[in-house]
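>>> Got a predicted model here, sequence first, then my questions.
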Amino acid sequence: MSTPDDARPTGDRHLPVLMQRCVDLLAPALAEPGSVLVDCTLGMGGHTEAVLEQAPTARVVGIDRDTQALRLAGERLARFGDRFTPVHAVYDEIGDVVADLGLDGVQGVLMDLGVSSLQLDEADRGFAYAQDAPLDMRMDQTRGITAADVLNTYDERALTRVLREYGEERFAQRVARAVVRRREERPWERTGELADLVRASIPAAARRTGGNPSKRTFQALRIEVNGELEVLERAVPAAIEALAVGGRIVVESYQSLEDRIVKRAIARGTTSSAPAGLPVEPETHKPYLEALTRGAEEADEAELARNPRSASVRLRAARRLRPTPDHLRVTAARRMNRPTKEDRR
Ligand SMILES: C[S@@+](CC[C@H](N)C(=O)[O-])C[C@H]1O[C@@H](n2cnc3c(N)ncnc32)[C@H](O)[C@@H]1O
């Protein structure tokens, strides 16, 4: 595990997963001068940097909810001047972000889900079970509840649900009961205490398989603290709506719960919605997306050797074929100069 180190060049801290594949999928939509990519998960800006280098007339709007990531990526990408615009937002706000920039639609959207190596490396953020730290786990440290709040306030049933659904933890109830019992003595504060309790709650036989037993509990808490799945449920359709016709979306997921949400949203767009048996398929029922990947792509041997984080990646991509009624409504509202986020503040 590496140590927190703001002095290391940003690019050395994180190798973007399937970077060239992402650029190759997005580039055909970014060839026109002035075309725009929204990188919804800027992180340390690795994917964005590659796009700015390889699509020399495109611009990138980089969203992240983590202010530290925005600062570091901003420094790394400063050499691109006004071709790069950082935005502090949650990615389900993509519609507002695009509208506030005065754009009708964008040519590309990239989502590289989950936490960054930066977040995992910074011990005091509390994401890593191998380092003792305050139980925080917020990607946006300017707001929201922490992992300690979840552990100190949720009842046993709610905790069991979180651990089972988001961590796929077989022993969710045992861990949840132990969490509640322990907090009657003193409130939860540190990740090290949680890792010890999880280890002690899981039967010895089960501890010998399936990797570090804390991994599932820490994943579940992180998803709950950041509302990751609810946000993603809203964000993928919003990102598809933000695409101009011909625009492309690429999403990289790292666990099955995320990938299922992405898969469903793309399937809705690639499937005809016409009732069976119609002699002619009405235009409005035709698919509005074309899949650019066959199912989900995984990392090959070379990528795995380069980048261990790619082991669990599932990449899906699609291209926008036509507008939908929602799409037109949103575009029309934007044209009518509806108030921007800044105006509403
Ligand atoms: C895996 S990293 C992205 C790494 C990036 N592609 C690179 O090359 O450096 C994911 C980033 O997305 C951010 N993020 C995760 N969920 C988010 C959300 N709902 N809204 C905005 N940013 C989010 C995280 O803070 C993190 O910095």
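That came through fine.

>>> How about the secondary structure of Arg294?
coil (DSSP: H, G, I helix; E, B strand; the rest coil).

>>> What separation is there between it and the ligand?
Separation of Arg294 from the ligand (CB to the nearest ligand atom, to the nearest Å): 23 Å. Heads up, the C-betas are built off the backbone N, CA and C, glycines and all.

>>> Tell me how many other residues surround that residue.
Arg294 has 7 neighbours, counted by other CB atoms under 10 Å.

>>> Ramachandran angles for it?
For Arg294, the backbone dihedrals are phi -90, psi 110 (criterion: degrees, to the nearest 10).

>>> Can you give the domain ranges for this protein?
5-117+229-344, 125-226 (automatic domain parsing).

>>> In TSV: these, plus mean pLDDT.
Formatted as TSV, the domains of the chain follow (pLDDT from 0 to 100):
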stretch	mean pLDDT
domain 5-117+229-344	90
domain 125-226	94
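
>>> wait, what's in contact with Val175?
Leu159, Leu163, Glu169, Leu197, Val198, Ser201, Ile202, Thr217 (CB atoms under 8 Å, 6 or more residues apart in numbering).

>>> Tell me the one of those residues nearest the ligand?
Thr217 (19.6 Å; CB to the nearest ligand atom).

>>> Now do the helix or strand where the closest one lies: which elements does it pack against?
Per DSSP states H and E: Thr217 is located in helix 214-225. Secondary-structure packing of helix 214-225 (3 or more CB pairs under 8 Å, 6 or more residues apart in numbering; DSSP states H and E): helix 147-153, helix 156-167, helix 191-201.

>>> right, and these - which one's nearest Thr67?
Smallest distance to Thr67 across the helices and strands packed on helix 214-225 (CB to CB): 18.8 Å, for helix 147-153.

>>> Alpha carbons of the closest one, as PDB, please.
Extracted in PDB, the C-alpha atoms of helix 147-153 (Å, rounded to 0.1, in the frame of the first residue of the first chain):
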ATOM      1  CA  ALA A 147     -19.200   5.900   7.400                       C
ATOM      2  CA  ALA A 148     -19.000   6.500  11.200                       C
ATOM      3  CA  ASP A 149     -22.500   8.100  11.000                       C
ATOM      4  CA  VAL A 150     -23.900   5.000   9.200                       C
ATOM      5  CA  LEU A 151     -22.300   2.600  11.800                       C
ATOM      6  CA  ASN A 152     -23.400   4.800  14.800                       C
ATOM      7  CA  THR A 153     -27.000   5.500  13.700                       C
END
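
>>> circling back: neighbour-wise, which one of the contacts of Val175 leads?
Thr217 (30 neighbours).

>>> I figured that one was touching Glu169, is that so?
Yes. Counting by CB atoms under 8 Å, Glu169 is a contact partner of Thr217 at 6.2 Å.

>>> Residue most distant from the centroid, the protein?
Pro279 (41.2 Å; CA atoms, centre = their mean).

>>> coming back round to it: tell me which residues of the helix or strand following the helix holding Thr217 are tucked away?
Helices and strands here follow DSSP H and E; after helix 214-225, the next one along the chain is helix 228-242. For helix 228-242, the neighbour count (16 or more other CB atoms under 10 Å) marks 228-229, 231-232, 234-242 as buried.

>>> Check stretch 42-57 too.
Leu42, Gly43, Met44, Gly45, Gly46, His47, Thr48, Glu49, Ala50, Val51, Leu52, Ala55.

>>> Can you tell me, leaving aside adjacent residues, what's nearest to the first one?
To tie it back to what came earlier, the one meant is Leu42. Gly62 (3.5 Å; CB to CB, 6 or more residues apart in numbering).

>>> what's near enough to touch the residue nearest the centre of the chain?
Centroid check for the chain by CA atoms, centre = their mean gives Leu113 as the closest residue, at 2.7 Å. Under the criterion of CB under 8 Å, 6+ apart, the neighbours of Leu113 are Thr41, Glu228, Leu232, Val251, Glu252, Ser253, Tyr254, Glu258.
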